[in-house]
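Undergrad: Mind looking at a prediction? Sequence and model below.
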Amino acid sequence: MSIAAITAVLAVFLWTTAERTALYPAPPAGNGEDALRASGGERLWLGAGDSRVEAWKLPPLVASESPSPAILFAHGQSELVDHWALAFDEPRKEGFSVLLVEYPGYGRSGGSPSEASVLAAMRAAFDAAAGDPTIDPQRIVGWGRSLGGGAVAALSRERPLAALVLESSFTSVPDMASKLGVPPSLLRDRYDSVGALGAFPGPVLVVHGERDDVVPVAHARRIADASTRAEVEILACGHNDCPRPWERVRSFLAANGLLRPVAR
């Protein structure tokens, strides 16, 4: 092999390694026990390809009709399920179960993160929820924040999600990388949310901060334009400082028949 060819191979290797490091900057993880205990949830271990990944099932906080609707939540790139244990009390008070999905290579999950392995984890989580007798498989809502929006959009191509909530998410990895001058041909992970939403028949709520300097708000509008059933909610915030948009999400789910009566 010539010096030029070796240099080219090395350049591609370094780039692809840098790509994965930039896309999946997993934070340090503890054992998660305090957060799990505070949430009243249950830790699940799911088989995702060759890896074992973690998920937390958070049950409804009130008596509700069984089986319950459920939210399948995928977090952002620098987050863990531990960070979201108490963030879904409002939907749980409405009778929702919540399944927090960890990515391969994050927290205590095995494997390494990639679009393929993250999608495998999301499929495993959906299948676990759909097979749970306490959850209504026809009312599983995919909710993703930032990178997680790409994950649940990708899942919608392979599993029958009842609705999507995409929060602070992007159109695709190539679109995000293009402003850095990175050729799309060098990207292994794409998370093409625009393409996924073009094929998704269900309702979609796109929530985004108008001052988002990580993922510009134009991404939200392009995502919504790809769907025939999308609603857009623009909030007065950035990327990481937006309040939990539960009231807006609640009205969206109620309008689409995805809330269940709660026993009083």
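TA: Happy to help now that I have it. Numbering: from 1, shown residues only.

Undergrad: Chain neighbours aside, what residue packs nearest to Leu119?
TA: Ala154 (5.2 Å; Cβ to Cβ, 6 or more residues apart in numbering). (Glycine included, C-beta is placed from N, CA and C.)

Undergrad: gap between the one you found and Gly95?
TA: Plainly put, Ala154 is 28 Å away from Gly95 if you go by Cβ to Cβ, to the nearest Å.

Undergrad: ok, these two, which is more surrounded?
TA: Neighbour count, other Cβ atoms under 10 Å: between Ala154 and Gly95, Ala154 has more, with 25 against 20.

Undergrad: Look up how far Arg145 lies from the more buried one.
TA: Taking Cβ to Cβ, one finds Ala154 at 15 Å from Arg145.

Undergrad: Equivalent analysis for Tyr24, please.
TA: The value you get for Tyr24 to Arg145, if Cβ to Cβ is used, is 15 Å.

Undergrad: neighbour count winner among these two?
TA: Using other Cβ under 10 Å as the criterion, Tyr24 and Arg145 rank with Arg145 on top: 25 against 21.

Undergrad: what's the closest non-adjacent residue to that one?
TA: Glu167 (4.5 Å).

Undergrad: beta partners of the one you found?
TA: Arg145, Val207 (DSSP bridges).

Undergrad: Count residues in the vicinity of it, would you?
TA: 25.

Undergrad: and Ala177, that one's in a helix?
TA: Yes - counting by DSSP: H, G, I helix; E, B strand; the rest coil, Ala177 is part of a helix.

Undergrad: isn't it right next to Asp189, touching?
TA: No - at 10.1 Å, Ala177 does not count as touching Asp189 under the criterion of Cβ atoms under 8 Å.

Undergrad: can you give me the helices in this protein?
TA: 3-23, 33-39, 89-93, 115-130, 147-155, 173-178, 193-199, 218-225, 246-255 (DSSP state H).

Undergrad: Which one of the ones you listed has the poorest average confidence?
TA: Of all those, the segment with the smallest mean pLDDT is helix 3-23, scoring a mean of 48.

Undergrad: that older thread, point out the most buried one among the helices of the chain.
TA: helix 147-155 (a mean of 28; mean count of other Cβ atoms under 10 Å).

Undergrad: relative to helix 218-225, how tilted is it?
TA: With axes from the mean of the first three to the mean of the last three Cα atoms, to 10 degrees applied, the angle from helix 147-155 to helix 218-225 works out at 20 degrees.

Undergrad: Check which helices and strands helix 147-155 sits against.
TA: strand 68-74, helix 115-130, strand 135-145, strand 163-167, helix 193-199 (3 or more Cβ pairs under 8 Å, 6 or more residues apart in numbering; DSSP states H and E).

Undergrad: Redo these as TSV? Include distance to Glu90.
TA: Shown next, in TSV, are those (distance: least, Cβ to Cβ, whole Å):
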stretch	distance to Glu90
strand 68-74	11
helix 115-130	19
strand 135-145	13
strand 163-167	13
helix 193-199	25
